[in-house]
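1. fold the following and give me the result.
(one chain, ligands or ions: 1)
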Amino acid sequence: MKIVALAGGVGGAKLAHGLAQVLPPEDLTIIVNTGDDFEHYGLYICPDLDTVCYTLAGIANSETGWGRADESWNAVENLSKLGGPDWFKLGDKDLGTHLERTRRLKEGYSLSQITRDFCKAWGIGHTVLPMSDKPVRTFVETDEGELAFQEYFVHRRCEPRVKGFWFDGVDKAEPVRGAREAIQSADAIVICPSNPWASIDPILRVLSPLLSGEGPGVRSVAVSPIIGGETVKGPAAKMFREMGIEPSALAVANHYRGLVTDFVLDEIDAQLIEGIKGLNMRTHVTNTLMKSHEDRKRLAVDMLNFIGRDV
Ligand code: GDP
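-> All right, here's what the predicted structure looks like:
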């Protein structure tokens, strides 16, 4: 079965890793959000892309959910002593990634080429693509004004109240090369349990020319990042609340209404099934919490079986 997975950072990376454990490289393409990319110390940083790649390569820091395992912090500590901005923690190993990526971008390589080369160096066989080679920047409209995504997410620790989002550059950002072929040959698109507002919406906006078309459209399966009305990690539930929507798997399904044909929700949310079916989606209830590597694989297999039942 051929799958295209759309992923943000933490939640997306975990399911992408599960899928990579069970699907051969030629059957899985992972398209990653780049809306939260930014420049810091003159370096080009791609938080979601790096989280996905580090996770697939088995070198991610599983405690923080971002950055590298066995990291040291010499550079940022020294920079902080000199009075430099230290709110975005970049470990020494991680810095190597950003330095080399920035150098190659300046030499004229595209982000997708660089990602392909890095994946090869890290021993990742599956295809990982940034959603576009053109820059897209997520901005958060808050009660304290408009904030660039990392300013809101890391510097301000998601404290300002969210009123909305916009994605600068999205109209000019064509989908990354390879996305069209991958989507056309896919049996299903999997929307990983990532933040619908900040991680998945930018990807959907960029890929929209490939997703909307004549006919029945592509089969797409979303996994809820909201379990029991809360997020496992991150501000998605807070965002729903601040925008006047009660956070739940049903709210996530409603968010993807018209695009998603199948929805996977957690066992503890089983009572929401009828509501989700009412949105014209097939549903599957299972344990969606991925605490261990085994859990990632189990959820991937479970979901593929669900898709396979009527492919
Ligand atoms: P970010 O860009 O680093 O914030 O990462 P994502 O957008 O990919 O992931 C954040 C979302 O992942 C949050 O809404 C979490 O609730 C969700 N998430 C994290 N771990 C899990 C998990 O084990 N299961 C499910 N269902 N969702 C998860």
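2. could you pull out the helices for the stretch 1-150 of the chain?
-> Counting by DSSP state H, counting those that start in this stretch, the stretch 1-150 of the chain has helices at residues 10-22, 47-57, 74-81, 92-107, 111-121, 149-150.
3. and what of the stretch 201-311 of the chain?
-> Counting by DSSP H, counting those that start in this stretch, the stretch 201-311 of the chain has helices at residues 201-211, 236-242, 249-255, 273-277, 293-308.
4. residue contacts, H255?
-> Applying Cβ atoms under 8 Å, 6 or more residues apart in numbering, we find H255 in contact with P196. Yep, even glycine has a C-beta here, placed from its N, CA and C like the rest.
5. contacting residues for the residue at the greatest distance from the centre of the chain?
-> The centre of the chain is farthest from one residue, L82, which by Cα atoms, centre = their mean lies 34.0 Å away. Not one residue lies near L82 by Cβ under 8 Å, 6+ apart.
6. can you check Y152 too?
-> 140, 142, 158, 160.
7. change it to 10 Å
-> Taking Cβ atoms under 10 Å, 6 or more residues apart in numbering, we find Y152 in contact with 36, 138-142, 144, 146, 158-160, 162, 165, 198, 235.
8. for P130, same thing?
-> 31-34, 37, 46, 48-49, 52, 110-112, 114-115, 136, 176, 179, 203, 206.
9. and those residues near the ligand, which?
-> Contacts with the ligand within those, counted by Cβ under 6 Å from any ligand atom: D48.
10. which of the contacts of P130 are buried? Put it as a PyMOL command.
-> Remark: buried members of the contacts of P130, expressed as a PyMOL selection using 16 or more other Cβ atoms under 10 Å:
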select buried, resi 31+32+33+34+37+46+48+49+52+110+111+112+114+115+136+176+179+203+206
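11. do you know how far the residue farthest from the centre of the chain is from V76?
-> Counting by Cβ to Cβ, to the nearest Å, the gap from L82 to V76 is 11 Å.
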